[in-house]
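J.: mind folding the following:
(one chain, ligands or ions: 1)
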Amino acid sequence: PKLEYLLLETRGRVGLVTLHRPKALNALCNGLFVELNQVLKELDDNKDIGAIVLTGSERAFAAGADIKEMKDRNFIENYLEDFLGHWTQITKIRKPIIAAVNGFALGGGCELAMMCDIIYAGDKALFGQPEIKLGTIPGAGGTQRLIKAVGKSKAMEMCLTGSVNLTAEEAERAGLVSKVLPADVVVDEAVKTAEKIANLSQPVVQMVKDAINQSFEIPLSAGLTFERRLFHSTFATKDQKEGMAAFAEKRKANFTHN
Ligand code: HXC
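T.: Sure thing, here's the model as predicted:
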């Protein structure tokens, strides 16, 4: 089926998904999110894909949830339909997702980037949670994931004022993004990193993602046990045998993803 709001291409073992609603700065309307969930699920199920890059345009990663679409909604509808509940499906994707962010990542756009596993930012990227200026609050992790990425004071300042945005450099210094790059290379660099990850052992890559994500959910002692059990289980893979044999034999490992 034809995609209305996204562009999809594959580069080697990487799925590249581009938010493409240029007239509205990639505002995240319901239709866009339905397509995004569907495309990400297909990439997750595709054995030839090892990692995913999610990007927008040079002007905007995404300027937030679609304000015009949501402005007349009421509480009962929101509650009964669990409005925006389907946004969390992206966090169920097992393969690593790198967000390549240029321009505005505001509101739901910032939250979408934070639902990804790694964020690379173009030098003109801007991260913010302006919801309070619209009389509402972040609804997809802005008050929860942001604090873990930038600490309480910055998260409070951003969410309480709605007008303090982080530049790419500030976001990198705070730990929200791992790399700042010239705007025109950020997608290619994200794809390069994704390709690197995609050529490592797929099951082991997914164990790393699982283990790191557990650290947000469970106490340290349980997290350490979870990590150690996964570590143990890597020894049931051919890729662990291959990886360690290759080291001992001074050659490059050839992982077969099993
Ligand atoms: C709907 C949007 C939009 C949005 C931009 N547009 N953001 N439409 N929802 N979030 C539309 C504009 O209405 C305009 O359409 C076109 O995109 C271009 O935007 P401009 O405002 O003309 O561009 P510019 O002057 O460059 O300003 C860029 C901007 C501004 C600073 C990013 O657009 C802006 O403030 N946008 C809203 C940002 C925001 O508040 N985001 C949070 C949303 S709430 P027309 O038709 O006029 O050309 C949210 C809640 C999440 O995300 C809750 C849980 C997920």
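J.: report the contact partners of the closest residue to the ligand within the stretch 151-258 of the chain.
T.: Of all residues in the stretch 151-258 of the chain, residue 162 sits closest to the ligand, at 7.8 Å by CB to the nearest ligand atom. For the C-beta atoms, the positions are set from N, CA and C on the backbone; glycine is no exception. Neighbouring residues of residue 162 by CB atoms under 8 Å, 6 or more residues apart in numbering: 128, 129, 130, 131, 132, 133, 134.
J.: the second one: how many residues sit nearby?
T.: Other residues within reach of residue 129 by the criterion other CB atoms under 10 Å amount to 31.
J.: next one: the one 5 residues further on
T.: The tally of other residues near residue 134 (other CB under 10 Å) stands at 14.
J.: measure it to the ligand for me?
T.: 6 Å (CB to the nearest ligand atom, to the nearest Å).
J.: wait, doesn't that residue sit right on residue 67?
T.: Yes. In this structure residue 134 lies within contact range of residue 67 using CB atoms under 8 Å: 6.6 Å.
J.: need the contacts of residue 162 in TSV (columns: pLDDT).
T.: Converted to TSV, the contacts of residue 162 look like this (pLDDT from 0 to 100):
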residue	pLDDT
128	98
129	98
130	98
131	98
132	98
133	98
134	98
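J.: and the strands in the stretch 1-150 of the chain, which stretches?
T.: Secondary structure of the stretch 1-150 of the chain (DSSP state E, counting those that start in this stretch): strands at 6-11, 14-19, 51-55, 60-62, 97-101, 104-106, 118-122, 126-128.
J.: out of those, flag the one nearest the ligand.
T.: strand 104-106 (4.3 Å).
J.: is the closest one anywhere near the ligand?
T.: Yes. Shown here: strand 104-106 in contact with the ligand (CB under 6 Å from any ligand atom) through 104, 106.
J.: tell me which residues are up against that strand.
T.: Counting by CB under 8 Å, 6+ apart, 25, 59-64, 112-113, 125-130, 165 sit against strand 104-106.
J.: among those, which two are most distant?
T.: Using CB to CB, the pair of the contacts of strand 104-106 lying farthest apart is 59 and 129, separated by 19.2 Å.
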